[in-house]
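**Q** Sequence isn't available, so here's the structure alone:
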Ligand SMILES: Cc1cc2nc3c(=O)[nH]c(=O)nc-3n(C[C@H](O)[C@H](O)[C@H](O)COP(=O)(O)OP(=O)(O)OC[C@H]3O[C@@H](n4cnc5c(N)ncnc54)[C@H](O)[C@@H]3O)c2cc1C
Ligand code: FES
């Protein structure tokens, strides 16, 4: 095949339908509808199949992007999905929620040297992931069981990826989740219109098909400690993926008025507890007419768009930096703008004002300007004197980040760093022998793909720790290719052998 | 792990979707079995729920979160007692809102709770105090009981002060008395013990003993505030157990935040016990009013549904 050039490929991105902004802002239907086959193939044509692709190292889990796109072009979709799932455990999720513009798509040659829009890698990934769910592509390779039992704390993406890899290595894996439904942020945080629950269910279903047992309603640390898991309960190794969901507040006056809540509370009430269907579901959620959301990350975007869907007339985003620094996924920012969210950039709250019943009535803010760069390299916002102003709001939502959950620190001797996150070395081993940790509880709030990558890395470390040798990796040459992979694991990998050190 | 480790509970049936979540079983088949129930009064009842692992882990001062079914709220309830041999925990519930009244009508022996998670919160510190007053107001009598017992076991002189509106609401009197060296009962109408509030009982105990080391009070916020005010002039350490609105109970939502000593604390993971002299009770009480209108709406709809069901049954 002649090499494609930037001129020979389709110049425009293939069409992907989205729901109409006016209409969707009143319901919880998924906003981005995804490619159909024809459009997916057009988009595949746009990939230059670069000999030294930048997108692979641009991906936190190094998906062989040109590899799966080449297979798609041959309509070998199952093969493409195998290539994909060789690196990612949750393609239908990551295709929807990864910040692709900062990762693979951000370095795509079509954009960087061609000046066009990058290949829509995320959308292609999602298309394959959805197809796998729809067709029920299985990952039940024959697994040779070993005698090791692994306990996993939390059921977010880090834990799910770790559980899957260890189950495939033949371990008996049990996942403990504090809430009554598994999935972590995918379940309680990211709303239905961005990541349908059915997708999360399908991914959890895959995990269960691998033999992973999920026990909800189990608060590790309090029902039993991490130490007890190793001593009394007989787990050979433990992985901790408890996330970083302890929402921060700012300590400005008025923060405890009724109507002030964290984005986590809003989203949990809405997504996990289905407050949108109150009173058919018992959990209430009071969203006022005028909602102010502080922060501009993914959590803030979700909180704003949920508020709109629950009937708020006016939703305002208050963010102390500019649009350029906005940490949310670009697509979410665009969708939020289309849905009529009002953005107040370079603005910081100074006080929340209440009425005599201690309900929020307004928020006082000040304007900011960007000063010198701070440690993170971003220009630090500084207040403009005398720029204070007030606007009416009856609900104020905090989406300014989270701190680590304190429960495991309170109940175990595990070493934490000075911010309270779990301390690990580069293999993700913690200070307790046999205990590994990864995801937001180690790095602080990050992304789904990074959490998943950490879960897989920890799984590899746990295999090393237990001396579970992957026979294929040990005895076969590396460059087998992945023609016969199942769920990303080569069929030959079923022959895991245990090499015990004496 | 032994089979008694944790009950596998159903993954939340996906609301609005008829088909169940993969791997989800119905609550009745796999929930947490209710093994005993006692009704103390028209509104107050006790449930004993089987959960051997929790019975082993539970300590005084901790609480659980209960879900009645997959449409239910997550309701925080203090653990009133636990029996490690029988493998059960005891909850005492006052049927006031929609969810608790629904529990009252639906939770029967032989049934099961859809969700039960815990024990949550930092256990109460059973200090080495030599003389303590354990105060329970109304329903608060239940959760203060394991603390009184723990103090007694630690060798302290325990003075129990309990308060009820009237004699017919009194429960656990004998049980409580058995772990106390002195026992004072107060009722609003004087139908049992002293006529008056628990603060009167506290004043009386302080007057009789000059050397009280600590007061522990559990009950409605207004009562706990009164207790803290009663002990403040005497500079007696006073611990209270706060009961703000909660969702997850794991420190993830911040809905349970309270102000203590001018700082924001999450009652579910930083508490629920705090120094009563530091707690901002006004703030707590205002925040407890948050969902009043919604609560009323839910109640209305529930009662309406009950009426409709009754009509159908009659037909
Ligand atoms: C609203 C929102 C939107 C987001 N949007 C995006 C996005 O678009 N793209 C993206 O890449 N990232 C996004 N993120 C970030 C991403 O979701 C997280 O980085 C990722 O989920 C972290 O995964 P995790 O496995 O470390 O933890 P989590 O997903 O937080 O899961 C932790 C789980 O552990 C459980 N747990 C905690 N403590 C215990 C305990 N003691 N015992 C038992 N279980 C426990 C928790 O209940 C939870 O279910 C978003 C986050 C939020 C909050
Ligand atoms: S109940 Fe959610 S943080 Fe305490």
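**A** That came in fine, so what should we check first? Since we're looking at a predicted model, the values are computed, not measured. Ligands and ions are numbered 1, 2, ... in the order given.
**Q** can we go C-alpha only for contacts and neighbour counts from here?
**A** OK.
**Q** how near is the spatially most central residue of chain A to ligand 1?
**A** Geometric centre of chain A, nearest residue: residue A:448, 2.4 Å, by CA atoms, centre = their mean. Remark: distance between residue A:448 and ligand 1 (CA to the nearest ligand atom, to the nearest Å) = 4 Å.
**Q** now swap in residue B:169 and tell me
**A** 38 Å.
**Q** Confirm for me that that residue is in contact with residue B:40.
**A** Yes - using CA atoms under 8 Å, residue B:169 makes contact with residue B:40 at a distance of 7.1 Å.
**Q** thinking again about what came up before, now do the phi/psi pair for the residue nearest to the residue nearest to the centre of chain A when sequence neighbours are not counted.
**A** With CA to CA, 6 or more residues apart in numbering or on different chains as the criterion, residue A:448 has its nearest non-adjacent residue at 6.2 Å, and that residue is residue A:157. Note on residue A:157: its backbone torsions stand at phi -60, psi -30 [degrees, to the nearest 10].
**Q** Any stretches of the stretch 151-300 of chain B with poor pLDDT?
**A** B:291-300 (pLDDT under 70).
**Q** Can you list the residue ranges for helices in it?
**A** Here the stretch 151-300 of chain B has its helices, by DSSP state H, counting those that start in this stretch, at B:173-177, B:198-208, B:221-231, B:267-270, B:281-288, B:292-314.
**Q** Might you enumerate the residues of the stretch 301-450 of chain A proximal to ligand 2?
**A** By the rule CA under 6 Å from any ligand atom, no part of the stretch 301-450 of chain A lies against ligand 2.
**Q** in the stretch 301-450 of chain A, which spans are strands?
**A** For the stretch 301-450 of chain A, applying DSSP state E, counting those that start in this stretch gives strands covering A:314-318, A:342-344, A:347-354, A:360-373, A:379-383, A:389-392, A:395-398, A:402-403, A:435-437.
**Q** now, of those, which is deepest in the fold?
**A** Stretch with highest mean neighbour count among the strands of the stretch 301-450 of chain A: strand A:435-437 (a mean of 28; mean count of other CA atoms under 10 Å in any protein chain shown).
**Q** what about that strand, near ligand 1?
**A** No - using CA under 6 Å from any ligand atom, we find that strand A:435-437 stays clear of ligand 1, coming within 9.1 Å at best.
**Q** Of the strands of the stretch 301-450 of chain A, which is nearest chain B?
**A** Chain B sits nearest to strand A:402-403 of all those, at 8.9 Å, using CA to the nearest CA.
**Q** Direction included, what does that closest one pair up with?
**A** Strand A:402-403 has these partner strands in its sheet, going by DSSP bridges: strand A:246-247 (antiparallel).
**Q** For the partner strand, report the contacting residues that lie outside it.
**A** A:262, A:264, A:399-405, B:251-254 (CA atoms under 8 Å, 6 or more residues apart in numbering or on different chains).
**Q** May I see those residues arranged in CSV, with distance to ligand 1 as well?
**A** Conversion of the contacts of strand A:246-247 to CSV gives the following (distance: CA to the nearest ligand atom, whole Å):
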residue, distance to ligand 1
A:262, 11
A:264, 6
A:399, 9
A:400, 11
A:401, 9
A:402, 9
A:403, 11
A:404, 10
A:405, 7
B:251, 8
B:252, 8
B:253, 10
B:254, 13
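**Q** what about the residue in the stretch 101-250 of chain B that chain A sits nearest to, is that helix, strand or coil?
**A** Closest to chain A within the stretch 101-250 of chain B is residue B:117: 4.8 Å, counting by CA to the nearest CA. Using DSSP: H, G, I helix; E, B strand; the rest coil, the structure places residue B:117 in strand.
**Q** what do you get for residue A:162?
**A** helix.
**Q** That one: neighbour count?
**A** 30 (other CA atoms under 10 Å in any protein chain shown).
**Q** What of the one 5 residues further on?
**A** The number of residues packed around residue A:167, counting by other CA under 10 Å, is 27.
**Q** ditto for the one 4 residues further on
**A** Other residues lying near residue A:171 total 24 when counted by other CA under 10 Å.
**Q** which residues touch residue B:115?
**A** Residue B:115 neighbours (CA under 8 Å, 6+ apart): A:180, A:217, B:9, B:31-32, B:65-69.
**Q** Show me what it bridges to in the sheet.
**A** With DSSP bridges as the rule, residue B:115 is bridged to residue B:67.
**Q** Check it and give its pLDDT.
**A** Residue B:115 carries a pLDDT value of 89.
**Q** go on, the one 3 residues further on?
**A** Model confidence at residue B:118, given as pLDDT, is 82.
**Q** and what of the one 5 residues further on?
**A** Among the per-residue scores, residue B:123 holds a pLDDT of 91.
**Q** Around it, how many other residues sit close by?
**A** 18.
**Q** Please apply the same query to residue A:65.
**A** The burial count for residue A:65: 22, using other CA under 10 Å.
**Q** same thing with the one 3 residues further on?
**A** The number of residues packed near residue A:68 is 25, by other CA under 10 Å.
**Q** what do you get for the one 5 residues further on?
**A** For residue A:73, the count of nearby residues is 16 (other CA under 10 Å).
**Q** That one against residue A:45, yeah?
**A** Yes - using CA under 8 Å, residue A:73 makes contact with residue A:45 at a distance of 7.5 Å.
**Q** Which other helices and strands does the longest helix that chain A contains contact?
**A** The helix that spans the most residues within chain A, counting by DSSP state H, is helix A:448-466. Helices and strands touching helix A:448-466, by 3 or more CA pairs under 8 Å, 6 or more residues apart in numbering or on different chains; DSSP states H and E, are helix A:91-97, helix A:157-168, strand A:237-240, strand A:435-437.
**Q** Show the contacting residues for residue 164.
**A** All of this refers to chain A. By CA under 8 Å, 6+ apart, the neighbours of residue A:164 are A:89, A:207, A:210, A:212.
**Q** if you could check chain B rather than the one you did, that'd help
**A** Taking CA under 8 Å, 6+ apart as the test, what residue B:164 contacts is B:137-138, B:170, B:186-188.
**Q** Tabulate the residues you listed in JSON lines, adding columns for neighbour count and distance to residue A:63.
**A** As requested, these are arranged in JSON lines below (neighbours: other CA atoms under 10 Å in any protein chain shown; distance: CA to CA, whole Å):
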{"residue": "B:137", "neighbour count": "25", "distance to residue A:63": "61"}
{"residue": "B:138", "neighbour count": "21", "distance to residue A:63": "61"}
{"residue": "B:170", "neighbour count": "20", "distance to residue A:63": "67"}
{"residue": "B:186", "neighbour count": "26", "distance to residue A:63": "70"}
{"residue": "B:187", "neighbour count": "23", "distance to residue A:63": "71"}
{"residue": "B:188", "neighbour count": "17", "distance to residue A:63": "71"}
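**Q** Of those residues, which belong to strands?
**A** Cross-referencing the contacts of residue B:164 against strands under DSSP state E gives B:137, B:186-187.
**Q** May I see those residues arranged in CSV, with distance to residue A:316 as well?
**A** Listed next are the ones in strands among the contacts of residue B:164 as CSV, based on distance: CA to CA, whole Å:
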residue, distance to residue A:316
B:137, 44
B:186, 52
B:187, 52
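**Q** Kindly identify which of these also come near ligand 2.
**A** Of these, not one also sits near ligand 2 (CA under 6 Å from any ligand atom).
**Q** Residue B:262: how many residues sit nearby?
**A** Neighbour number of residue B:262 under other CA under 10 Å is 11.
**Q** Likewise for the one 10 residues further on?
**A** Residue crowding around residue B:272 was assessed by other CA under 10 Å; the count is 26.
**Q** close enough to count as contact, it and residue B:245?
**A** No - Residue B:272 is beyond contact range of residue B:245, at 11.8 Å (criterion: CA under 8 Å).
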